[in-house]
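Q: This is the structure alone, sequence omitted:
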């Protein structure tokens, strides 16, 4: 009975480490006074402010050696007023309460405008979770869609391994999620990919593209979060180490 208890306690270590993260970083694409600012990155579209630089850790404020660059791959994205997702939604729980506010980047040029976010310098021994959202806040603009895509094409090896992508907060496919930004205050949808492996060059890329529906030609991007997590093998080794340590103590 005691042996079983020992093994059970050791195995409980695995889910504990499975939910741990190595670091996390938030970026507000249109930070304004009054928005959360504690260790929040504020990179925005080119022409609107600083578009690239080193990310800082949300918990420590220290530089991570990981860079984020906002690239206008097509069209123009500008600062605009928007809205915030309601308290209790995924958008609020995952992003808004840490980094956000009623402001966004808006594409105004035409269907297919693309905003690419390059995350480089990633440790290829870790895996990553990425979450991003767009909110407009006017139900009359519910036809304005933003297509968030895990870009596995641009940059060659830098796209990441989409085979490891799960858990998108939308009813779309694995690689991308379309979000109706006009009603996203109520829905609070977030496009998210978990357990991503970066390319061999340490690069992951996410793309936001506006899509025309019933005459819409605008898309929105508010905020995003990047979270580094241990690989499953590392988590398993922690669990095994705990089991061996308990067994050793039992012998003593």
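A: Cool, the structure landed. Predicted model only: the values in this text are computed from it and were never measured.

Q: What mean pLDDT does the helix or strand residue 24 falls within get?
A: Per DSSP states H and E: residue 24 is located in strand 23-28. Here strand 23-28 scores 98 as its mean pLDDT.

Q: and the next element down the chain from it?
A: Using DSSP H and E, the helix or strand that follows strand 23-28 towards the C-terminus is strand 52-56.

Q: For the closest residue to residue 104 other than its chain neighbours, which residues are in contact?
A: Closest residue to residue 104 in three dimensions, ignoring its sequence neighbours and counting by Cβ to Cβ, 6 or more residues apart in numbering: residue 82, at 3.9 Å. Placement of C-beta: from N, CA and C, glycine included. By Cβ atoms under 8 Å, 6 or more residues apart in numbering, the contact list for residue 82 reads 30, 102-104, 106, 135-137, 220, 222.

Q: And the residue lying closest to residue 92 once chain neighbours are set aside, what's its pLDDT?
A: Excluding its sequence neighbours, the residue lying closest to residue 92 (Cβ to Cβ, 6+ apart) is residue 85, at 4.9 Å. Listed pLDDT for residue 85 reads 92.

Q: what number of residues lie near residue 85?
A: If you count neighbours by other Cβ atoms under 10 Å, residue 85 ends up with 26.

Q: Please tell me I have it right and it contacts residue 188.
A: Yes: using Cβ atoms under 8 Å, residue 85 and residue 188 qualify as a contacting pair, with a distance of 3.6 Å.

Q: shared neighbours, these two?
A: 91-92, 96, 133.

Q: quick one: residue 187 and residue 75, what's the gap?
A: Using Cβ to Cβ, to the nearest Å, one obtains 25 Å as the distance from residue 187 to residue 75.

Q: Next, the contact list for residue 208, please.
A: 114-117, 132, 134, 146-149, 219, 221.

Q: do residue 101 as well
A: 28, 30-32, 34-36, 84.

Q: One more pass at 10 Å, please.
A: Applying Cβ atoms under 10 Å, 6 or more residues apart in numbering, we find residue 101 in contact with 28, 30-37, 81-84, 222-223.
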